[in-house]
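> sequence and predicted structure are below.
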Amino acid sequence: MIPNFPGNLTIRNARIFDGESPALVEGSITVRDGRITAVHGTAEDSGAWPGSETVLDAGGRVVIPGLIDAHFHAYALSLTSALNETGPLSYSALAGARRLEAALRRGFTSVRDVAGGDVGLAAAIEEGLCPGPRYFFTGPALSQTGGHGDIRAANDGSCFHGGHMCEVVDGVEDLLRAVRHRFRTGATAIKLMTSGGVISPVDPIRVPQYSAAEIRAVTEEASRRGSYATAHAYSPEAISHSVLNGVRCIEHGNLLDAETARLMAEYDVYLVPTLVTYDAMGRRGAEIGLTEVGAAKNQEVLAAGKNAVTLAQEAGVRIGFGTDLMGDLEDEQLAGLRLQVEVLGVYEALRSATSTNAALLRREDLGRIAEGACADLVILDGNPFDEPSVLWDGSLNRIVIKAGHIVSSDALRAGHAAMDEAISGAHG
């Protein structure tokens with residue numbers, strides 16, 4: 001169990017990627033009460049910081065900020081939407097807690113759940129009842145009738161108003177009520193479905209969803225609460241419809257074109273690509289029961305996804321990082337870094353998963369190694385700028401630190417006694 005109080009720590013002999021600069025800095029990091037109190041250069045590295053409880057000798061390994069997955073789904077236990085939406089919430093919460101713990105052990109010290117989650121799950125992590133990343137959640141995503149969050153097929157005559165991950169809400173007044181309810185119950189942002197999706201049964205991917213008045217009502221209400229709305233959108237039509245009506249972030253965006261990328265940059269709208277989910281579904285679709293319709297949609301967005309990220313980069317769009325993995329595909333989370341590196345290179349991919357995502361969350365104390373930042377860190381078994389695979393190879397050792405506490409990670413550390421020996425014990 002990870003303690004729910006902040007820790008004290010000194011990391012010596014490290015090569016530090018601070019989340020912003022492409023240059024690695026050699027030195028040490030001191031942590032007091034779960035926050036970084038200083039980053040010392042080699043000449044200043046004088047051993048344990050006064051009051052530190054633990055000293056780690058990184059042995060020249062690279063230390064990066066804790067990773068942030070900005071498109072996570074704790075309750076996405078299956079690729080079958082009905083199972084995710086209508087099963088017992090107690091089961092979803094328990095299974096979701098295990099998904100969150102696994103993400104933390106991979107090095108994701110923060111996640112943004114953009115369709116699901118609730119204040120109870122967030123409080124359980126915060127209070128130390130279960131280990132997990134810092135948990136930012138939107139509650140159920142908002143979908144129009146027949147939109148991406150409506151699980152009913154055309155021949156399904158049943159009623160569906162919503163479940164654990166999505167809620168069907170139409171009209172300005174009802175949307176305002178839904179947004180206010182989410183903020184009342186602890187949501188940190190609002191998620192809108194503004195285009196079709198891969199696994200939803202009746203909505204073409206390219207068609208924009210929700211009217212301008214409906215989107216505007218949501219974005220303005222979120223802004224009044226000091227927050228924002230993010231939108232699931234694939235096509236240029238849906239993306240521009242969302243951007244022009246106040247959405248601050250686009251999820252996926254696979255069918256983005258150059259003109260729409262420039263519009264996003266003009267309005268300072270983030271893109272959170274989720275390349276790995278399409279790659280994983282393409283490779284493992286039969287294994288996970290992807291439908292024929294879903295497979296055809298997936299192929300369309302898979303082929304275009306990397307190009308969309310390139311267009312966004314060329315236009316100057318701020319690019320985050322997300323995974324959107326459902327069901328058994330959750331074990332592909334680190335592979336998302338590989339795909340992002342293939343498009344952006346190591347430096348920009350690391351920024352996406354650290355400081356850029358932190359800015360999206362409006363948490364400047366995350367995603368960075370700097371004085372005053374939260375002591376969420378990952379010690380890699382190598383230098384990703386020389387050998388990028390150390391970012392995603394789960395067979396290699398890594399030490400994950402959240403709020404100054406070392407996270408036990410036996411699965412990732414098996415057979416790597418050298419890193420265990422780096423933990424030199426308690427120091428007063």
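That came through, no problem.

> when you work out contacts or count neighbours from here on, use the C-alpha atoms and nothing else.
Will do.

> for the residue lying closest to residue 169 once chain neighbours are set aside, grab the count of nearby residues.
Distances taken as CA to CA, 6 or more residues apart in numbering put residue 144 closest to residue 169, at 5.6 Å, once the chain neighbours are dropped. Neighbourhood size, residue 144 [other CA atoms under 10 Å]: 22.

> before we move on, what about residue 87?
The burial count for residue 87: 12, using other CA under 10 Å.

> helix, strand, or coil at residue 378?
Recorded secondary structure, residue 378: strand (DSSP: H, G, I helix; E, B strand; the rest coil).

> quick one: it from residue 232, how far?
As judged by CA to CA, to the nearest Å, residue 378 and residue 232 stand 30 Å apart.

> same question for residue 299.
For residue 299 relative to residue 232 (CA to CA), the value is 18 Å.

> do the same with residue 117
17 Å.

> pLDDT wise, what is the closest residue in space to residue 172 that isn't next to it in sequence at?
Nearest non-adjacent residue to residue 172, counting by CA to CA, 6+ apart: residue 214, 5.1 Å away. pLDDT recorded at residue 214 is 97.

> what helix or strand does the most centrally placed residue in the chain sit in?
Centroid-nearest residue in the chain: residue 69, 1.8 Å away (criterion: CA atoms, centre = their mean). Assigned by DSSP states H and E, residue 69 belongs to strand 67-72.

> so how far is the very next helix or strand once past that strand off the chain centroid?
Heading C-terminal from strand 67-72, the first helix or strand you meet, by DSSP H and E, is helix 81-86. Counting by CA atoms, centre = their mean, to the nearest Å, helix 81-86 is centred 21 Å from the centre of its parent chain.

> if I look at the closest residue in space to residue 252 that isn't next to it in sequence, how far off is residue 318?
The spatial neighbour of residue 252 that comes closest, neighbours along the chain excluded (CA to CA, 6+ apart), is residue 273 at 4.5 Å. Distance of residue 273 to residue 318, computed by CA to CA: 11 Å.

> overlap in contacts, the two.
Here residue 273 and residue 318 have no joint contacts, going by CA atoms under 8 Å, 6 or more residues apart in numbering.

> neighbour count for those two, which is higher?
Using other CA under 10 Å, the more surrounded residue of residue 273 and residue 318 is residue 273, with 27 against 20.

> quickly note the distance from the residue nearest to residue 172 to residue 245.
Where residue 245 is concerned, residue 214 sits at a distance of 9 Å (CA to CA).

> same question for the helix or strand where residue 278 lies: list its buried residues.
Secondary-structure assignment from DSSP H and E places residue 278 in helix 275-288. For helix 275-288, burial by neighbour count (16 or more other CA atoms under 10 Å) applies to 275, 276, 277, 278, 279, 280, 281, 282, 285.

> with stretch 15-23 instead?
Result for stretch 15-23 [16+ other CA under 10 Å]: buried residues 15, 16, 17, 18, 19, 20.

> now it: mean pLDDT?
Mean predicted confidence for stretch 15-23 is 97.

> poorly predicted segments of this protein, please.
Along the chain, the parts satisfying pLDDT under 70 run over 1-5, 42-53, 80-81, 149-162, 198-203, 408-428.

> which parts of it are helices?
81-86, 89-106, 119-126, 172-184, 212-224, 236-243, 258-266, 275-288, 292-315, 335-351, 357-360, 410-413, 417-422 (DSSP state H).

> redo the ones you listed as a markdown table? Include distance to residue 32.
Below are the helices of the chain laid out as a markdown table (distance: least, CA to CA, whole Å):
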| stretch | distance to residue 32 |
| --- | --- |
| helix 81-86 | 41 |
| helix 89-106 | 21 |
| helix 119-126 | 19 |
| helix 172-184 | 32 |
| helix 212-224 | 34 |
| helix 236-243 | 41 |
| helix 258-266 | 38 |
| helix 275-288 | 36 |
| helix 292-315 | 37 |
| helix 335-351 | 25 |
| helix 357-360 | 21 |
| helix 410-413 | 26 |
| helix 417-422 | 20 |
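
> please identify the most buried of those.
helix 236-243 (a mean of 24; mean count of other CA atoms under 10 Å).

> what lies in contact with that one?
Here helix 236-243 has contacts from 194-195, 206-209, 212, 215, 231, 233, 250, 253, 255-257, 260, 263-264, 267, 269, using CA under 8 Å, 6+ apart.

> now, of those, which are buried?
194-195, 206-209, 215, 231, 233, 250, 253, 255-257, 260, 263-264, 269.

> tell me which of those residues fall in strands.
Under the assignment DSSP state E, those contribute 231, 233, 250 to strands.

> assess the claim that the last one and residue 271 are in contact.
Just to be clear, that refers to residue 250. Yes. If you go by CA atoms under 8 Å, residue 250 and residue 271 touch, sitting 4.9 Å apart.

> distance of residue 380 from residue 393?
The value you get for residue 380 to residue 393, if CA to CA is used, is 10 Å.

> can you give me the buried ones in stretch 370-380?
So stretch 370-380, judged by 16+ other CA under 10 Å, has buried residues 370, 371, 372, 373, 374, 375, 376, 377, 378, 379, 380.

> widest-spaced pair of those residues?
Farthest pair in these (CA to CA) is 372 and 380. Separation: 22.3 Å.

> tell me who's in contact with the nearest residue to residue 168 once chain neighbours are set aside.
Excluding the flanking residues, the one nearest residue 168 by CA to CA, 6+ apart is residue 143, at 4.8 Å. Listed by CA under 8 Å, 6+ apart, the contact set of residue 143 reads 149, 150, 166, 167, 168, 169, 170, 192, 193, 194, 210.
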